[in-house]
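**Q** predicted structure and sequence below. I'll ask about it afterward.
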Amino acid sequence: MAQAVTATPAAREAVRRLRAARGGPVMFVQSAGCCAGSTPMCFDDGEFLIGPNDERLGEIEGCSFYIDAALHRAWGSGALVLDVAPGQPEGFSLGAGDGLRFVTLSDACPVNGN
């Protein structure tokens with residue numbers, strides 16, 4: 001199966017720094033809940049319990065990326081791109097660096113935003 005998620009060079013660097021700072025891999029979860037949108041949540045690996053409606057799309061720098069199956073269907077089959085943008089992370093998510101947050105880009109959601 002082809003990797004359905006990729007990352008910009010800036011996002012890859014942010015993930016590498018975050019892995020080093022946290023002492024291991026992190027995980028990304030693109031939710032269809034109240035925080036849905038172009039903001040994936042980032043947690044220490046295994047901190048978020050994946051449910052039966054979550055699909056694993058691939059890895060970024062050895063870190064799994066999951067998406068809610070219904071959201072994935074709604075966005076279509078195009079590849080998602082993990083990127084970084086200015087701003088603070090949402091909720092309990094780990095940040096991408098000083099004053100940065102992770103965002104997901106797709107054909108269905110092409111603009112950085114919440």
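**A** Happy to help now that I have it.
**Q** in which helix or strand would I find residue 19?
**A** Taking DSSP states H and E as the definition, one finds residue 19 inside helix 9-22.
**Q** next one: residue 64
**A** Using DSSP H and E, residue 64 maps to strand 63-68.
**Q** remind me what the helix holding residue 19 packs against, helices and strands.
**A** The elements that helix 9-22 packs onto, with contact taken as 3 or more Cβ pairs under 8 Å, 6 or more residues apart in numbering; DSSP states H and E, are strand 26-30, strand 54-60, strand 80-86, strand 100-105. Every residue, glycine included, has its C-beta placed from N, CA and C.
**Q** tell me which of those is the most buried.
**A** Among the helices and strands packed on helix 9-22, strand 26-30 has the highest mean neighbour count (mean count of other Cβ atoms under 10 Å), at a mean of 24.
**Q** what packs against the helix or strand bottoming out on mean pLDDT in the chain?
**A** When each helix and strand of the chain is scored by mean pLDDT, DSSP states H and E, helix 69-75 comes last, with a mean of 85. Where contact means 3+ Cβ pairs under 8 Å, 6+ apart, helix 69-75 is packed against strand 54-60.
**Q** gap between the strand it packs on and the chain center?
**A** A distance of 9 Å separates the centroid of the chain from that of strand 54-60, by Cα atoms, centre = their mean, to the nearest Å.
**Q** next one: stretch 85-93
**A** Once both centres are worked out by Cα atoms, centre = their mean, stretch 85-93 turns out to sit 11 Å from its chain's centre.
**Q** state the mean pLDDT of that stretch.
**A** Stretch 85-93 shows a mean pLDDT of 90.
**Q** next one: stretch 31-46
**A** Averaging pLDDT along stretch 31-46 gives 78.
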